[in-house]
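[1] Build the 3D model from these lines:
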Amino acid sequence: MASASSSDDAALRATALRAVEQAYAPYSRFRVGAALRARDGSVFAGCNVENAAYGGSICAERGAVMAAVVAGHRDFERIVIATEADEPTPPCGSCRQFLAEFAPTLEVLSVTAGGAETRWTLAALLPHAFTPAALRHRAAP
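    As a prediction, this is how the structure comes out:
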């Protein structure tokens, strides 16, 4: 996996950790922040926002992607996910699929407020992802 400079990582970590502070997680009490870097260097933050109707909740990673898409970006190279957990936390299955839509080769860095970190590629977290390419071969009606 290509590695960004430590200053790039530090800036993304700081953005993700700030996003944790904005999370709305009154039900799970598991606050998550994310910082998504587009290939052009633009950075988009997201935080989890829970809802009393649990299915209406949005994860930090998907929030960051939505912020990027509304700003016109669809090509991403790295995401940093931050939590207050003791161990780094990978994206949930729904977020893995959501991220694969735009960046199947995405670099994923998970950090904790305590300083622990783990790195993966999205391909390692979601091998054989269902991507838009699979739809190109669908049968005609």
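
[2] For Ser42, which residues are in contact?
    68, 71, 73 (CB atoms under 8 Å, 6 or more residues apart in numbering). For the C-beta atoms, the positions are set from N, CA and C on the backbone; glycine is no exception.

[3] So which elements touch whichever helix in the chain runs longest?
    In the chain, with assignment by DSSP state H, the single longest helix is helix 6-22. Using 3 or more CB pairs under 8 Å, 6 or more residues apart in numbering; DSSP states H and E, the elements in contact with helix 6-22 are strand 32-38, strand 43-47, helix 60-70, strand 76-83, strand 107-112.

[4] Measure how the third one sits relative to helix 6-22, angle-wise.
    So that's helix 60-70. 110 degrees (axes from the mean of the first three to the mean of the last three CA atoms, to 10 degrees).

[5] Equivalent analysis for the last one, please.
    Regarding strand 107-112 and helix 6-22, their directions subtend 60 degrees when assessed with the same axes, to 10 degrees.

[6] tell me the angle the longest helix of the chain makes with strand 76-83.
    Using the same axes, to 10 degrees: helix 6-22 against strand 76-83 is 50 degrees.

[7] So for helix 6-22, what gets flagged as buried?
    9, 11-13, 15-17, 19-20 (16 or more other CB atoms under 10 Å).
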